[in-house]
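Novice: whatever this is, show me its structure:
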Amino acid sequence: MAIQLPAEIEASIRRQVERGRFPDAAGVVREAMRLLTEYESDLDSLRAKIDVGIDEADRGETDEWTPALRDRLRMDAHEMHRRGEFPDPDVCP
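Specialist: Predicted structure coming up:
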């Protein structure tokens, strides 16, 4: 496939190769495509999680954000830390 790239993109690719980060322009494009695929996958996952949250909210399965809830969550986090546990990465990435 032959494509025409804007001059600034070509220059950026060239700089990456000149710095030795990639063996050639194709390597730069492969990595860019890998990162784009990863980004799109992460975005799809995030959108699915948001949809779950919206569905839960629509069913009334949420807690109102109050000072008491904030304090309880803070105490729970301190207790988890004391036990050496880590929060769910979906909650605290």
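Novice: so which helix or strand takes in the residue most central in space within the chain?
Specialist: In the chain, the residue lying closest to the centroid (C-alpha atoms, centre = their mean) is D42, at 5.4 Å. Using DSSP states H and E, the element containing D42 is helix 25-58.
Novice: pLDDT (mean, whole number) over stretch 78-89?
Specialist: Averaging pLDDT along stretch 78-89 gives 89.
Novice: need the contact list for A77.
Specialist: P87 (C-beta atoms under 8 Å, 6 or more residues apart in numbering). Where you see a C-beta, it was placed from the backbone N, CA and C, and this is true even at glycine.
Novice: name the SS class of it, please.
Specialist: helix (DSSP: H, G, I helix; E, B strand; the rest coil).
Novice: where are the low-confidence patches of the chain?
Specialist: For the chain, the stretches with pLDDT under 70 are 93.
Novice: against A32, how distant is S12?
Specialist: Going from S12 to A32 by C-beta to C-beta, to the nearest Å gives 10 Å.
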